[in-house]
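Participant: Sequence and computational prediction follow.
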Amino acid sequence: MRIILFLLILCLCGLVGYAVNLIPLRVIFKADTYYIETSLIVWLLLSLVASVALYHILKALCWLWHSPQIFSRSSAVRRQHKADRLLKSGMTALLAGHYSRAERDLDRGGKLAESLGQNAVIYFENAAIAADRQNAKERRDHYLLLARQDARHQHGSLTRLAEAEIHVQNGAYEQAAKLLEKLHQEEPRNSKITALLDETYAKQQDWAKAWALLPALRPHLAEAEYSTRQKTYAKGLLHDTATRESVEALEAAWKRLPAEVRRDKDMILQYAGALVENDHPEEAEKLLAAEIRQTQDLEYIQAYSQLRRANFRAQLEHMKQWENKHTNDAIFLYAKALIAYKAKELDIALAAIEEAVKRSQTGEAFALYAQILEAKNRPEAALVAYRQSVAPLHPEQALDGDLLPAPEAEAPKPDDVKTS
């Protein structure tokens, strides 16, 4: 293969040599009575030099023709680079907490971007944030107005979102809610808008709206976080319904809650409290009694013992039925003593509280013990028990579980109790 290629090159060189030999070695240019004669090699060299010179002349003429556009483009590029540098330095200063410098750089960068006919929303929005951090409300509103005016259609929601976020950070939840509700209607799947709106409703304690927003928030929350918020909003919803609506509306609100929420212990206790708050303690009593029969949970028993205006004698009968499941349990004995005291069964109350105190000496138990002793006309023993109730106790002496706080400072005396 190499031999064949070598032979072809030799043939080509031979043909070129033959052609050169046939071409005259001198070139003559004639013009009327004048002529120029030169050798072929000189003519070729001069032609080459002239071609190169002509090329550069034409190139220079083209550059001069387009020089205004070139200079203008270079100026625009320089200003664009400067605007980018100002944006970078402004954002860096904003993150570092140098708000005055950030505002200055972002303001200058935004004006440069506007002069280039570009969108300056990001400059003015962050300048507004920097001004807000300096508590310069007028400058903040000025930058927000510039951003809103400069925003194109696709960025209009971005400007309003930044404004709403500033309102949320400043605690202006009413203004934030108006903006965020409109944005949520336009972009219902925007997770940031949904999260800000959820935070706004929670801060306003507008539990009905917060509860209605939960389905949109669910894809963006971990299961544990979603469950926590669900319970929090459901509790707030029940509380609001209890204070503003009828018991029928409260029951309807409870039934609308998901089954897993209605099975939660904290939610059941919250619903029982809402029924009491709605002036229907008898419904709370039925609810708690049913749950105790199913679970025998001590927290339900504690709540059951703290009900006001209940049928205390019927409650005491229930406690007698359940006591075989809680033999020698201090919490159960305390609850039984409290119910017996309110039912004016002082002997039963005294026996139960004495057993409770033997097993766990808590301040609550001694306080109830003192009231029962006082009701039985044993003032000296009651005084000793009162002193014990305010004496500091060791942590290991406390009852297991949390006693639900009573609405009143003291339990009612037997003479003041009205049995329904």
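Facilitator: Perfect, I can see it now.
Participant: Tell me the helix or strand right after the worst-scoring helix or strand of the chain on mean pLDDT.
Facilitator: One helix or strand of the chain scores below all others by mean pLDDT, DSSP states H and E: strand 26-31, with a mean of 67. Proceeding N to C from strand 26-31, the next assigned helix or strand is strand 34-39, under DSSP states H and E.
Participant: Can you get me a residue count around Arg133?
Facilitator: 17 (other CB atoms under 10 Å). For glycine as for every other residue, the C-beta is placed from the backbone atoms N, C-alpha and C.
Participant: What separation is there between Gly171 and Leu64?
Facilitator: 63 Å (CB to CB, to the nearest Å).
Participant: Would you check that Ala162 makes contact with Phe124?
Facilitator: No. The criterion here is CB atoms under 8 Å, and Ala162 misses it with Phe124 at 9.3 Å.
Participant: More neighbours: these two, which one.
Facilitator: Between Ala162 and Phe124, Phe124 has the larger neighbour count (other CB under 10 Å), namely 28 against 22.
Participant: any idea of the mean pLDDT in the helix or strand where Asp240 lies?
Facilitator: Following DSSP H and E, the helix or strand that holds Asp240 is helix 223-244. Computed over helix 223-244, the mean pLDDT rounds to 86.
Participant: In terms of secondary structure, what does that helix contact?
Facilitator: In terms of contacts (3 or more CB pairs under 8 Å, 6 or more residues apart in numbering; DSSP states H and E), helix 223-244 is packed against helix 191-204, helix 207-217, helix 247-256, helix 259-262, helix 265-277.
Participant: which strands and helices sit next to the shortest one?
Facilitator: Which is helix 259-262. If you count contacts as 3+ CB pairs under 8 Å, 6+ apart, helix 259-262 packs onto helix 223-244, helix 265-277.
Participant: Now mean neighbour count too, for those helices, in TSV please.
Facilitator: Conversion of the helices and strands packed on helix 259-262 to TSV gives the following (neighbours: other CB atoms under 10 Å):
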stretch	mean neighbour count
helix 223-244	17
helix 265-277	20
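Participant: Would you convert those helices into TSV that also reports distance to Asn324?
Facilitator: Formatted as TSV, these follow (distance: least, CB to CB, whole Å):
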stretch	distance to Asn324
helix 223-244	33
helix 265-277	23
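Participant: so which of those comes closest to Tyr386?
Facilitator: Tyr386 lies closest, by CB to CB, to one member of the helices and strands packed on helix 259-262: helix 265-277, at 28.1 Å.
Participant: Now the element after that closest one, going C-ward?
Facilitator: On the C-terminal side of helix 265-277, the closest following helix or strand by DSSP H and E is helix 281-295.
Participant: which residues does Thr38 bridge with?
Facilitator: In this entry, Thr38 is beta-bridged to Val27, by DSSP bridges.
Participant: Look at it and say how many residues are nearby.
Facilitator: Residues within reach of Thr38, counting by other CB under 10 Å, total 14.
Participant: low-confidence ranges in the stretch 151-300 of the chain?
Facilitator: Confidence mapping of the stretch 151-300 of the chain against pLDDT under 70 gives the ranges 151-157.
Participant: Ok, the stretch 1-150 of the chain next?
Facilitator: 16-29, 31, 39-42, 66-74, 150.
Participant: now do 80
Facilitator: Low-confidence segments of the stretch 1-150 of the chain (pLDDT under 80): 1-2, 6, 12-46, 63-77, 79, 114-119, 145, 147-150.
Participant: anything in contact with each of Ala162 and Phe124?
Facilitator: Residues within reach of Ala162 and of Phe124 at once, by CB atoms under 8 Å, 6 or more residues apart in numbering, are 144, 147.
Participant: For Arg189, give me its contacts.
Facilitator: Listed by CB under 8 Å, 6+ apart, the contact set of Arg189 reads Ala216.
Participant: sec struct for it, please.
Facilitator: When classified by DSSP: H, G, I helix; E, B strand; the rest coil, Arg189 comes out as coil.
Participant: separation between it and Pro219?
Facilitator: Computed as CB to CB, the Arg189 to Pro219 distance reads 9 Å.
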